[in-house]
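Visitor: structure of the sequence below:
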Amino acid sequence: MTSTTIRGIPVTFPFPPYDIQVNYMEKVLECLQERQNGVLESPTGTGKTLSLLCASLAWLEMKKAQIQAQRHTLSEDFLKELNIISGENSTRGLLGTPTIIYASRTHTQLSQAMQELKRTCYNHMKACVIGSREQMCVHQEVLNEKSNALKVHLCRLKVRERSCMYYNKVEKKKLDPEITQLSVVDIEDLVKLGQNHKFCPYYMAKELKQSADIVFTPYNYLLDPKTRKALGLELANNVVILDEGHNIEKVCEESASIQIKSTDITLCIDEVTAVMKALSEDVVIDFNDKEVPKDFTAEELCVLKEMLLNFEKALDEIALTSTNAEGTYFEGNYIFGMFEKAGIYDRNLHQVQNLLEKIVQFLATANDGPFARKGAGLQLFSDLLAIAYASLTPQFKEKIQKCYKVHIAMEENRKKVSDDWLTKATSKSKCRVLSYWCFSPGFGMNMLMDQGVHCVILTSGTLAPLKPLISELELNVGVRIENPHIVTGEQVCVKILTKGPDNEPLNCNYQNRSNPNYLRSLGQVIMNLIRFIPHGVLIFFPSYPIMQTCQQAWQESGIWNTINQTKPIFVEPRDKPTFAVAMNEYYTKINDPSIRGAVFMGVCRGKVSEGLDFADVNGRAVFIVGLPYPPLKDPKIILKKRYLDVCNAKDKEYLRGDDWYSLEATRAINQAIGRVIRHKNDYGAIILLDSRFTNPRVQSNLSLWLRKHIKIMQNFGSTVKDLRVFFQNAETKMPRSVLKAKDENIPSSSCNQRSGNFDFSTSSISLGSPSTSDANLVNIHKRKSNSGASLAKKQKITMVANKSTTLPLEAAISEFIVMAKKVLSNEVFAEFLKAMTDYRNNYDLGELKESLNRIFLTRHSQRYLIRAIEPYIKNEQKSEFIEYCDSMR
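Guide: Numbering: from 1, shown residues only. Below you'll find the model as predicted:
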């Protein structure tokens, strides 16, 4: 450990800090000492997170010492009064002791930050992480609920009735020395403790938060006022750190946006009608052998149903300028006119919201029968009200007019792929989709700043250009920095290839991306270059459909097989369990000295390109195929560009719409590039496979540290020569890295997952065509409706909760099957699916293993699919299956 004094504060670092780390920590301390907001950029691999934690906790440690000294000047009687008034832990706020709230995009990134904290000398300070019930709940009945909203309501009901034994033990266990003496506690630690000591990890985390020096939380918990209130996240006088802040604009917008369909409104009406029938027929609805208290009357239900019918009518009567997804749009305050037509006004808003909450709570108690949806529609409508009426002030509604758009469109019919074993003919009538979109990141940021925070520190490896970012966030920034990278030119090789070996232009634009000549040439580039690249190689595509198109073309031409023989290929799946398995298998291949490494194909903005660490041998090169522009004709993209053009006309600090559109692509590329070259002694190659990278406008948006290393290649032979020389020199001059799998970076796939119960029935699985399955290019809806299943038509309603049923994992299975179909040929996939279906019918593990042997005996690089089956194997057969998996490695 090394101690360095920065701005009068001794900061202890695990090793002597580099100059750029000292500069970065100086800016962090300036923000904290001067109560100034900061925007701090430091490239991935420069020790940003470690510097951020050490500087902020060193400041907090000194601040606490100063406040402790002040306490001695206060009388004991006064301190006792404070404890009585505010509770013992809350005195830290009254006495001016701040808490650091450290936010990032995902729990995986938070987990990495907590691991960094454990490496420092500040690991004695109190730290906890805020997670969701889905991650932390240990009550099996609550976990069995499919919908997160229903998990919340069922949990709250059990807490209110004190029927959850885990919650009931929190009050006593929080005083246990085993809990009070904890320092850095992550989700896994707390869940294990909760399971062992029979207390609720979720509510224990809320208790630990009260005395924590630093609280780790995802962005959306912090920026969503409703979630923030539910979690008790106090912001007044506290420091807010937004790490990996390149996503903060989108997160701010999405936390204030929502989408609801006409089928959701219909579902709301059905749900209210079913409850009305239950009340009129005096049906007893049981929960835990108790009659559920009804906090509403039949008259209130009638009024609510009338409101919903009127809202449905108002939505249906809107004249659309287009009958497809383009739809029509209105200014933000149009939504209030729709609510008024439904009979919802400022004066009765709270009564309506309270009634909705009571009914959803009531429905959450039911486990069977006609309440199959359990209030999903009503919960979504309640969310719409909460966002639209986040405040009732005139100033708020004025901002709504400027920052929001109401978009109405007909839902697009998804095209079906003709596939006997995956689809069944279904026809679903079109419905209207109401999207309530926020286009101002500053809208959400202002609501955060209004809480009276000490300061906000926004940091990432890819924030530039800073001026338009600061303007859009409407953040008063007093401190900023753009750090260079820590590596030298000998450690970075950046090439732009405009043509393939056959002189075919490399351009993955819309017109050319399906061109057979382009696809063949692109494949030949990758096939030839990976021969000269040691160990791990990452290939990033603009979207899943484009990746799938390339994969199919290369499989047909034989290029795929050639690459696979050089380095086994892994393809990024969309679901978490299969993704974790694929990553583990990739790292296993990298660590296998008998193999020349491996290739992992992913997409920009996907799981691999954001937040994962491919240091050293895990990622020696990254190929970028094309530019991941958002879909140009997407209505939200069109409206966002128009919004920015209006803002730019008034204030030139704002980006123009076209500039924002270009920046969206290059920011995603910068993030993907950041997966390699992770520390001072790391090295790697960055290959940009598209002629559009030669455009100065595109290059100007790439990371500043990267630009000076760019070389545009005139012929393919020179590229091969340069790459070979680069890696020969780097392997000679740089320290030899130790082969090591980065398991800590892989998202956990075992969080409360139920096993041995899956359904491979063909009717439950469908594949969209490549053109319609591209939901990953721009994730523009925070909340997605789950409507579709109508309520069963029964006259009598009797619901008893102690029926034990286990729900199938349809969503995870569908993702798994889709991923398998992408990796395997049609013939092999049909055999694979049959093996899964046969196992589902007879649970004969021996027969399943025989089938898997036939399929994967000669397909070594695809054997990670076997491990991905594990969550769906019966519990009593798991140990045998795991042994089989190990034997197939």
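Visitor: Val303 sits in which helix or strand?
Guide: Assessed by DSSP states H and E, Val303 sits inside helix 298-316.
Visitor: in that helix, which residues are buried?
Guide: The neighbour-count check on helix 298-316 (16 or more other CB atoms under 10 Å) flags 300-301, 303-305, 307-312, 314-315 as buried. No exception for glycine: its C-beta is placed from N, CA and C like everyone else's.
Visitor: for Thr99, see how far away the most centrally placed residue in the chain is.
Guide: Against the mean C-alpha coordinate of the chain, by CA atoms, centre = their mean, the closest residue is Thr106 at 5.4 Å. Distance of Thr106 to Thr99, computed by CB to CB, to the nearest Å: 22 Å.
Visitor: again, but for Pro501
Guide: As for Pro501, its distance to Thr99 is 58 Å (criterion: CB to CB).
Visitor: how about Asn348?
Guide: Per CB to CB, Asn348 is found 38 Å from Thr99.
Visitor: more neighbours: which of these two?
Guide: Legend: neighbour count by other CB atoms under 10 Å for Asn348 and Thr99, higher for Thr99 (24 against 13).
Visitor: so what's the residue count around the spatially closest residue to the more buried one that is not a sequence neighbour?
Guide: The spatially closest residue to Thr99, leaving aside those adjacent along the chain, is Asn238, at 4.7 Å (CB to CB, 6 or more residues apart in numbering). Applying other CB under 10 Å, we find 19 residues neighbouring Asn238.
Visitor: residues contacting Asn238?
Guide: Contact analysis of Asn238 by CB atoms under 8 Å, 6 or more residues apart in numbering lists 98-101, 453-454.
Visitor: would you format those as JSON lines with secondary structure and distance to Ser471 included?
Guide: As requested, these are arranged in JSON lines below (DSSP: H, G, I helix; E, B strand; the rest coil; distance: CB to CB, whole Å):
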{"residue": "Pro98", "secondary structure": "coil", "distance to Ser471": "28"}
{"residue": "Thr99", "secondary structure": "coil", "distance to Ser471": "29"}
{"residue": "Ile100", "secondary structure": "strand", "distance to Ser471": "27"}
{"residue": "Ile101", "secondary structure": "strand", "distance to Ser471": "24"}
{"residue": "Val453", "secondary structure": "coil", "distance to Ser471": "20"}
{"residue": "His454", "secondary structure": "coil", "distance to Ser471": "23"}
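Visitor: nearest to Glu731, of the residues you listed?
Guide: Ile100 (41.2 Å; CB to CB).
Visitor: ok, the closest one touching Leu57?
Guide: Yes - counting by CB atoms under 8 Å, Leu57 is a contact partner of Ile100 at 7.3 Å.
Visitor: need the overlap of contacts for the two.
Guide: Common neighbours of Ile100 and Leu57 are listed as 213-214 (criterion: CB under 8 Å, 6+ apart).
Visitor: state the distance from the residue nearest to Thr99 to Leu50.
Guide: 22 Å.
Visitor: quick check: domain ranges of this protein?
Guide: Listed domain ranges for the chain are 1-97+472-483, 255-442, 489-626+676-734, 824-887 (source: automatic domain parsing).
Visitor: check the offset of the last one from the chain's centre.
Guide: In other words, domain 824-887. Taking the mean of its C-alpha atoms, domain 824-887 sits 30 Å from the chain's own mean (CA atoms, centre = their mean, to the nearest Å).
Visitor: what's the end-to-end length of it?
Guide: Across domain 824-887, the terminal residues are separated by 21 Å (CA to CA, to the nearest Å).
Visitor: give me the mean pLDDT for that domain.
Guide: The pLDDT scores in domain 824-887 average 81.
Visitor: can you check the longest one too?
Guide: The predicted model gives domain 489-626+676-734 an average pLDDT of 92.
Visitor: tell me where the stretch 301-450 of the chain has helices.
Guide: 334-342, 349-363, 376-388, 394-403, 441-449 (DSSP state H, counting those that start in this stretch).
Visitor: which stretch among the ones you listed comes nearest Ile6?
Guide: Here helix 441-449 is closest among the helices of the stretch 301-450 of the chain (CB to CB), at 26.6 Å.
Visitor: convert the C-alpha atoms of the next helix or strand after the closest one to PDB, please.
Guide: Note on helix 441-449: by DSSP H and E, the next helix or strand toward the C-terminus is strand 455-460. Only the C-alpha atoms of strand 455-460 are listed here, as PDB (Å, rounded to 0.1, in the frame of the first residue of the first chain):
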ATOM      1  CA  CYS A 455     -22.500  16.600  -5.600                       C
ATOM      2  CA  VAL A 456     -22.800  14.300  -8.700                       C
ATOM      3  CA  ILE A 457     -19.700  12.700 -10.200                       C
ATOM      4  CA  LEU A 458     -20.300  11.300 -13.700                       C
ATOM      5  CA  THR A 459     -17.500   9.200 -15.000                       C
ATOM      6  CA  SER A 460     -16.700   6.600 -17.700                       C
END
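Visitor: between helix 441-449 and the next helix or strand after strand 455-460, find me the angle.
Guide: Per DSSP H and E, the first helix or strand lying C-terminal to strand 455-460 is helix 466-473. Put simply, helix 466-473 runs at 70 degrees to helix 441-449, going by axes from the mean of the first three to the mean of the last three CA atoms, to 10 degrees.
Visitor: for helix 466-473, packing partners?
Guide: Applying 3 or more CB pairs under 8 Å, 6 or more residues apart in numbering; DSSP states H and E, we find helix 466-473 packed against strand 37-41, helix 248-255, helix 441-449, strand 477-482, helix 657-673.
Visitor: compare the ones you listed and give me the one nearest Lys636.
Guide: Of all the helices and strands packed on helix 466-473, helix 248-255 comes closest under CB to CB, at 9.5 Å.
Visitor: what are the buried residues along the very next helix or strand once past the closest one?
Guide: With elements assigned by DSSP H and E, the helix or strand that comes after helix 248-255 is strand 258-261. For strand 258-261, the buried set under the neighbour-count rule, 16+ other CB under 10 Å, comprises 258-261.
Visitor: just to revisit the earlier point, quick one: the contacts of Asn238 as JSON lines, columns for distance to Met888 and pLDDT too.
Guide: Below are these laid out as JSON lines (distance: CB to CB, whole Å; pLDDT from 0 to 100):
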{"residue": "Pro98", "distance to Met888": "53", "pLDDT": "92"}
{"residue": "Thr99", "distance to Met888": "49", "pLDDT": "94"}
{"residue": "Ile100", "distance to Met888": "46", "pLDDT": "96"}
{"residue": "Ile101", "distance to Met888": "45", "pLDDT": "96"}
{"residue": "Val453", "distance to Met888": "53", "pLDDT": "94"}
{"residue": "His454", "distance to Met888": "54", "pLDDT": "95"}
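Visitor: so what are the sheet partners of the host helix or strand of Phe570 and their directions?
Guide: Phe570 belongs to strand 569-571 when assigned by DSSP H and E. As defined by DSSP bridges, the strand partners of strand 569-571 come to strand 598-603 (parallel).
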